[in-house]
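Visitor: the following comprises the amino acid sequence and a computationally predicted model.
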Amino acid sequence: MEQIESEKQWYVLHTYSGYENKVKQNIESRSNSMGMEDYIFRVVVPEEEETETKNGKEKVNMKKTFPGYVLVEMIMADDSWYVVRNTPGVTGFVGSHGAGSKPAPLLNEEIEVILRRLGISTRHQEIDFEVGDTVTIIEGAFSGLTGKITEIDNERAKLKVNVEMFGRETSTELDFEQIDTL
């Protein structure tokens, strides 16, 4: 398999409006069935909660932030490009000039803003700590304290750490960047 970019980057797909979640499912299943897991990583449909009041009742709906668009984190190679481009519901890549040209990826600053608004980690790095490890908090209200990891959420790049304050344990949720391993 020819590999053009060795780095995974984020691209924007144009889809039929209303089919964003179906496109996400299709890409994920095609990636698995076609052995592209090392080239196609995360597929995100940007959505926000929207609270609507009807007849005095509050209802929470998920509203598409960018209707008709899906974000995909991938390594751009001929095979991965072909798999994504030919997924049912995908009309094309944004930033592609057509005629078989590869699209331009999103800038890091652009994707960081979008993912942060969605509460998703912008860095999908390998972590070298696990539940039970003792860590030092290097940023935030508990900076300088040490604590034990009780939970790790890789998708959101957050973890729960128990710190001792005033003779009792307190649980706090932190970003991966806020801690350092001992």
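Guide: Thanks, I have it. The structure displayed is predicted, hence computed values, not measured ones.
Visitor: thinking Asn21 is in contact with Val45, fair?
Guide: Yes: Asn21 is within contact range of Val45, at 5.7 Å (criterion: Cβ atoms under 8 Å). The way it works is simple: take the backbone N, C-alpha and C, and place the C-beta from them, glycine included.
Visitor: who's more crowded, those two?
Guide: Val45 (20 against 16; other Cβ atoms under 10 Å).
Visitor: contacting residues around the more buried one?
Guide: Contacts for Val45 (Cβ atoms under 8 Å, 6 or more residues apart in numbering) come out as Glu20, Asn21, Val23, Lys24, Lys64, Val70, Leu71.
Visitor: next: His14.
Guide: Contact partners of His14, counting by Cβ under 8 Å, 6+ apart, are Gly68, Tyr69, Val90, Thr91, Gly92, Phe93, Val94.
Visitor: and the second one, what's its pLDDT?
Guide: You'll see Tyr69 listed with a pLDDT of 94.
Visitor: grab the most central residue of the protein for me.
Guide: Residue closest to the average C-alpha location in the chain (Cα atoms, centre = their mean): Ile120, at 4.8 Å.
Visitor: what's the pLDDT at that residue?
Guide: 72.
Visitor: I'd say it and Arg156 touch.
Guide: Yes: between Ile120 and Arg156 there is a contact at 6.5 Å, judged by Cβ under 8 Å.
Visitor: neighbours around the residue nearest to Ile179 when sequence neighbours are not counted, how many?
Guide: Nearest non-adjacent residue to Ile179, counting by Cβ to Cβ, 6 or more residues apart in numbering: Val135, 4.3 Å away. Val135 is flanked by 20 other residues according to other Cβ under 10 Å.
Visitor: would you say Val135 is within a helix?
Guide: No: under the criterion used here (DSSP: H, G, I helix; E, B strand; the rest coil), Val135 is strand, not part of a helix.
Visitor: so it makes contact with Thr146?
Guide: Yes: here Val135 lies in contact with Thr146, judged by Cβ under 8 Å, at a distance of 6.7 Å.
Visitor: tell me which element Leu91 is part of?
Guide: You called it Leu, but residue 91 is Thr. strand 90-93 (DSSP states H and E).
Visitor: mind listing what that strand pairs with, with the direction of each?
Guide: For strand 90-93, sheet partners with direction are given as strand 9-15 (antiparallel), following DSSP bridges.
Visitor: identify the residues contacting the closest residue in space to Ser17 that isn't next to it in sequence.
Guide: Excluding the flanking residues, the one nearest Ser17 by Cβ to Cβ, 6+ apart is Gly68, at 4.2 Å. Residues near Gly68 by Cβ under 8 Å, 6+ apart: His14, Thr15, Tyr16, Ser17, Glu20.
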